[in-house]
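Peer 1: what's the 3D shape of this:
(2 chains)
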Amino acid sequence: MEIGNVRPYIYPDIELDREEGQVIEDLKANSQPVIPDPDKWLEEELPQNILLTSVDALINWGRRSSLWPAICFPACCAFELIAANGPRFDLARFGMEILRASPRQADLMITAGTLTWKMAPNVRRIYNQMAEPKWVIAMGACGISGGIFASASYAVVPGYNHIIPVDVYVPGCPPRPEALIYGIQMLQKKIAKRRNLTLGKG
Amino acid sequence: MTVALSGKEIASQLEEKLPESIIESGQDYLVVKNESLLAVAAFLKDTRDLDFDYLNFITAVDYYDHFEVVYRLSSLEHNHSLVMKTRCAERENPVLPSVIGLWQGADFQEREIYDLMGIRFEGHPNMKRIFLWEGFAGHPLRKDFR
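Peer 2: Residues are numbered from 1 along each chain as shown, chains lettered A, B, ... in the order given. Alright, predicted model coming up:
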């Protein structure tokens, strides 16, 4: 009786085993010397690459290069701020593009817009929630003095400096994004002059 | 396009149903007496041919010797509109009936009028300031404010 359609042997040919053996033999032959520690160069290079600076310079550099604004934009100046954040003006060039939804993560408050007395306690609370060190930029005429509402309105705060300390004033109604960026750069210069350590007596 | 109904025609209809409720009527408005404001409003809302089921806005005007409160009404079904006004001569403590029972949309706008103009709406469940803070002196949209 003839058996048709014999099922082929499922295991691979011995040739494949020989190829695999050859790969192993080659690797073994080429792997006799020990590979040196890749970080060994550090021991020689490190002493030549240390910079010495003052604590103030380092801390101020870090702080002014990562100014993160809190999201607190009560009115229309916010649109110029949004434009400044966008690709055309690209605030990210200066390391300050990350708007923090939580004031606890922010160190800059850009007061973009008219502030009413009803809103004022909330803005002050946001300021109080921000961790030290913190700075404030009064953006636009309303932020500086109440702007067009200053003399006539019963409900508008005549300038943010009535409720929180302001570091830099950026005039305009609204200021162009270039003006805002210039204001932030002025604040960076101000931060660069800060002294962070004081010699205590205790 | 919404058709503005003639105030005069509606005033003549009202004269039959609610006599002496209308002070004055014009081409596109009618002025209602304080006391009959709610009855007229209910008539305008519930009459089948008028069917003013939508309150576009309420606003108030200060004419020194009296306040005028303006209601603009529309019918979504018939696509027509009407301006209903009422007057309030009292200046110290002006009171008008609230239409919140007829149109829920009156809620915030009556509060706004109370806040800025000082007209109190009787029957409103939450008659307090909406924009300014509690304790603010005066009503700033009055002509004699400050």
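
Peer 1: going forward, measure contacts between C-alpha atoms and count neighbours the same way
Peer 2: OK.

Peer 1: Test my guess that residue B:32 contacts residue B:18.
Peer 2: No: using C-alpha atoms under 8 Å, residue B:32 makes no contact with residue B:18, being 10.9 Å away.

Peer 1: Between the two, which is the more surrounded one?
Peer 2: residue B:32 (23 against 15; other C-alpha atoms under 10 Å in any protein chain shown).

Peer 1: backbone phi and psi for that one, please?
Peer 2: For residue B:32, the backbone dihedrals (degrees, to the nearest 10) come out as phi -110, psi 150.

Peer 1: same deal with residue B:97?
Peer 2: Residue torsions, per degrees, to the nearest 10, at residue B:97 are phi -70, psi 140.

Peer 1: pretty sure it contacts residue B:123?
Peer 2: Yes: if you go by C-alpha under 8 Å, residue B:97 and residue B:123 touch, sitting 6.4 Å apart.

Peer 1: Can you tell me, leaving aside adjacent residues, what's nearest to residue A:123?
Peer 2: Among residues not flanking residue A:123 along the chain, residue A:72 sits closest, at 7.3 Å (C-alpha to C-alpha, 6 or more residues apart in numbering or on different chains).

Peer 1: List the buried residues of stretch A:129-146.
Peer 2: A:130, A:134-146 (16 or more other C-alpha atoms under 10 Å in any protein chain shown).

Peer 1: Kindly check the end-to-end length of that stretch for me.
Peer 2: Stretch A:129-146 stretches 24 Å from its first residue to its last (C-alpha to C-alpha, to the nearest Å).

Peer 1: likewise stretch B:129-146?
Peer 2: 19 Å.

Peer 1: now stretch A:25-36
Peer 2: By C-alpha to C-alpha, one end of stretch A:25-36 lies 22 Å from the other end.

Peer 1: pLDDT of that stretch, averaged?
Peer 2: For stretch A:25-36, the mean per-residue pLDDT is 89.

Peer 1: Would you mind listing what in chain A touches chain B?
Peer 2: A:118, A:154-155 (C-alpha under 8 Å from any C-alpha of the partner chain).

Peer 1: Please name the bridge partners of residue B:75.
Peer 2: In this entry, residue B:75 is beta-bridged to residue B:80, by DSSP bridges.

Peer 1: ok, it - contacts?
Peer 2: Contacts for residue B:75 (C-alpha atoms under 8 Å, 6 or more residues apart in numbering or on different chains) come out as B:50-54, B:81.

Peer 1: can you pull out the strands in chain B?
Peer 2: B:3-4, B:22-25, B:29-32, B:54-62, B:67-75, B:80-88, B:95-97, B:120-122 (DSSP state E).

Peer 1: elements contacting the last one?
Peer 2: With contacts defined as 3 or more C-alpha pairs under 8 Å, 6 or more residues apart in numbering or on different chains; DSSP states H and E, the packing partners of strand B:120-122 are strand B:95-97, helix B:106-117.

Peer 1: The third one now?
Peer 2: For strand B:29-32, the packing partners by 3+ C-alpha pairs under 8 Å, 6+ apart come out as helix B:7-17, strand B:22-25, strand B:80-88.

Peer 1: Tell me where chain A has strands.
Peer 2: Counting by DSSP E, the strands of chain A are A:69-70, A:108-112, A:135-139, A:168-170.

Peer 1: then the helix or strand of chain A with the lowest mean pLDDT to CSV, C-alphas only?
Peer 2: Least confident helix or strand, chain A: helix A:40-45 with a mean of 78, by mean pLDDT, DSSP states H and E. In CSV, the C-alpha atoms belonging to helix A:40-45 read as follows (Å, rounded to 0.1, in the frame of the first residue of the first chain):
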residue,chain,number,x,y,z
LYS,A,40,37.4,55.8,32.2
TRP,A,41,38.2,59.1,30.3
LEU,A,42,36.2,61.0,32.9
GLU,A,43,39.0,60.5,35.4
GLU,A,44,41.4,62.3,33.2
GLU,A,45,39.0,65.0,31.7
